[in-house]
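Curious how this folds, go ahead:
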Amino acid sequence: MIKGFQEVAIKIKKKGVSWFFKRLALEFRSPYYPISKKLVSFLVKIKFFHLTSVAGSQKLNADNLNVFYDLNIEPNTFGDFISFLVEAEIFGNQHDKNKLFLWIIPKEIEIQEDDDDFTKIVGVHNWEWRICNMLVPMISLHPNFIGHAVLPKGAPINPIVNNDLRYPDGFSDNYRPRLPDYLVRRESYKNNSFKGLSAPLSGKKYVSDWSKSLDCNQKLISITIRDYGFDPSRNCNIGEWLKFADWLETKHYKPVFVPDAGSAWGLDNRLKSHLIFREACWNVPLKMALNEECALNYFYSNGCAFIAIFNKNVPSIVMMPALGDSIVSSEPTIIHDPEIDPRRLAFAEQNQWWSTKIDTFENLTEEFLEYEKLYL
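Residues are numbered from 1 along each chain as shown. From the prediction side, this is the model:
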């Protein structure tokens with residue numbers, strides 16, 4: 001006992017009185033010493049802490065905005081989910097709430113694999129995997145989100161919101177508004193400033209270490225491949241991208257391919273002569289860090305391009321052509337506003353280009369040469 005007091009006295013002398021009071025508060029909240037455990041356990045039994053906990057929870061709820069993403073009505077995809085995170089940020093900013101807590105509502109209706117094209121290709125078994133390995137990691141890319149939870153199936157919403165402000169506005173057990181269409185979203189993005197996404201510091205360090213290990217002084221140009229069973233007309237023309245990658249090397253750049261997760265281990269053999277960063281297929285924060293590390297990032301008609309355009313630190317050329325035989329991209333993407341700038345989204349940075357061209361070698365090199373003059 002005496003030895004313990006002596007140790008505390010030494011620490012107070014070394015760290016100051018303020019440390020002692022902070023450590024004392026921690027000891028009451030999470031007791032470490034046997035005598036503290038007995039005392040705090042007794043206080044809990046007589047409900048000594050009951051009154052203070054209520055006031056604390058009220059302040060927490062007042063500062064935070066509850067945000068709901070309902071997978072019964074919204075897609076389990078990169079583009080829609082990232083757009084939702086940014087829309088929630090804008091809504092929070094409009095109501096002086098910059099701390100967001102996200103509730104993911106899992107799909108309650110069992111879908112048969114042959115009920116729709118997307119589920120048939122992706123597979124019902126893949127649905128929860130996408131939540132845990134795609135949606136949840138994306139939350140960490142947005143600094144305004146302070147936490148998240150996946151609700152149990154059938155869990156009520158009303159006790160969570162308790163008549164408070166929430167997003168989507170008015171979301172409840174009896175009212176589940178869908179997200180606005182892209183025309184409305186475009187105006188929302190254009191008229192509001194937002195932080196958007198950013199790579200975590202640990203991810204940036206890992207990618208920086210990897211980049212240094214390449215032992216080359218060339219600027220990195222990433223190429224994210226789409227090679228997916230769903231809506232195959234949007235898949236990359238691998239032959240054209242390979243010609244482009246070879247051409248980049250003649251100009252002393254270093255192309256790095258990021259394969260589609262579904263075909264990461266069954267890549268076209270021709271790609272193997274180039275640098276491949278497979279790790280980004282299953283690690284969204286690492287993928288974000290790679291995009292920030294590269295001098296330029298190319299995307300072709302894939303949802304993960306939205307991670308790039310909503311990060312102000314990612315230089316990019318996103319090619320989103322209208323494809324007549326596509327299920328979801330048969331018409332021009334109206335998030336793009338060509339009247340404002342034919343090569344840029346209304347809300348994007350100057351070095352984030354939007355192109356409606358298809359992926360031919362000629363188009364790829366033409367876009368690159370114009371971009372190079374300005375930014376490389």
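
which residue sits closest to the spatially most central residue of the chain in space, ignoring its chain neighbours?
For the chain, the residue whose C-alpha lies nearest the mean C-alpha position (CA atoms, centre = their mean) is M138; its distance is 2.6 Å. Distance criterion CB to CB, 6 or more residues apart in numbering; nearest residue to M138, sequence neighbours excluded, is V284 at 5.5 Å. Every residue, glycine included, has its C-beta placed from N, CA and C.

where in the stretch 201-350 of the chain is pLDDT low?
Across the stretch 201-350 of the chain, residues meeting the criterion (pLDDT under 70) sit at 229, 267-268, 327, 330, 338, 340.

again, only this time at 80
For the stretch 201-350 of the chain, the stretches flagged by pLDDT under 80 are 228-233, 261-272, 322-342, 344, 346.

quick one, strands of it?
Taking DSSP state E, counting those that start in this stretch as the criterion, the stretch 201-350 of the chain carries its strands at 219-224, 253-258, 275-276, 296-300, 316-319.

Return the list of helices and strands in contact with the third one.
In this case it means strand 275-276. The elements that strand 275-276 packs onto, with contact taken as 3 or more CB pairs under 8 Å, 6 or more residues apart in numbering; DSSP states H and E, are strand 253-258.

ok, now the first one?
Strand 219-224 makes packing contacts with helix 238-250, strand 253-258, helix 284-293, strand 296-300 when contacts are defined by 3+ CB pairs under 8 Å, 6+ apart.

Which residue comes closest to I12 once chain neighbours are left out?
F20 (4.9 Å).

so what's the one you found up against?
Under the criterion of CB atoms under 8 Å, 6 or more residues apart in numbering, the neighbours of F20 are V8, K11, I12.

Among those residues, name the ones in strands.
Under the assignment DSSP state E, the contacts of F20 contribute nothing to strands.

Now render those as a markdown table, adding pLDDT, distance to G239 and neighbour count.
Formatted as a markdown table, these follow (pLDDT from 0 to 100; distance: CB to CB, whole Å; neighbours: other CB atoms under 10 Å):
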| residue | pLDDT | distance to G239 | neighbour count |
| --- | --- | --- | --- |
| V8 | 70 | 71 | 13 |
| K11 | 77 | 67 | 13 |
| I12 | 79 | 71 | 15 |
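
rewinding a little: comparing the helices and strands packed on strand 219-224, which comes out most buried?
When you average the neighbours per residue for each of those (mean count of other CB atoms under 10 Å), strand 296-300 leads with a mean of 26.

Turn the helices and strands packed on strand 219-224 into JSON lines, columns for distance to K45.
What follows is these, written out as JSON lines (distance: least, CB to CB, whole Å):
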{"stretch": "helix 238-250", "distance to K45": "67"}
{"stretch": "strand 253-258", "distance to K45": "56"}
{"stretch": "helix 284-293", "distance to K45": "43"}
{"stretch": "strand 296-300", "distance to K45": "58"}
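
how about the ones you listed, which one is nearest F81?
When those are ranked by distance to F81, counting by CB to CB, first place goes to helix 284-293 at 10.6 Å.

and that closest one, what does it pack onto?
For helix 284-293, the packing partners by 3+ CB pairs under 8 Å, 6+ apart are helix 136-139, helix 201-213, strand 219-224, strand 253-258, helix 305-309.

can you list the residues that contact the third one?
In other words, strand 219-224. Taking contacts as CB under 8 Å, 6+ apart, the residues outside strand 219-224 that touch it are 211, 241, 244-245, 248, 253-258, 277, 290-291, 293-300, 302, 304-305, 376.

now that strand, how far from the chain's geometric center?
If you compare the mean C-alpha spot of strand 219-224 with that of the full chain, they lie 20 Å apart, counting by CA atoms, centre = their mean, to the nearest Å.

for the stretch 51-200 of the chain, what spans make up the strands?
In order along the chain, the stretch 51-200 of the chain carries the following strands (DSSP E, counting those that start in this stretch): 64-70, 99-105, 145-150, 166-167.

CA-only coordinates of the third one in CSV, if you can.
Right, the one you point to is strand 145-150. This file holds the C-alpha atoms of strand 145-150, laid out as CSV (Å, rounded to 0.1, in the frame of the first residue of the first chain):
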residue,chain,number,x,y,z
PHE,A,145,-18.2,10.1,-39.4
ILE,A,146,-17.4,9.4,-35.8
GLY,A,147,-18.8,5.8,-35.7
HIS,A,148,-21.1,3.3,-37.2
ALA,A,149,-23.3,0.3,-36.4
VAL,A,150,-25.1,-2.4,-38.4
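
how about the helices in the stretch 51-200 of the chain?
78-94, 117-122, 126-130, 136-139, 158-161, 182-191 (DSSP state H, counting those that start in this stretch).

can you tell which of the helices and strands packed on helix 284-293 is closest to T356?
Each of these was checked against T356 via CB to CB, and the shortest separation belongs to helix 305-309, namely 13.2 Å.

quick one: the closest residue in space to G92 that isn't next to it in sequence from I146, how far?
Computed as CB to CB, 6+ apart, the closest residue to G92 that is not its neighbour in sequence is L65, at 4.9 Å. According to CB to CB, to the nearest Å, L65 stands 10 Å off from I146.

Of the two, which one has the most company?
A count of neighbours by other CB atoms under 10 Å puts L65 above the other of L65 and I146, at 24 against 15.
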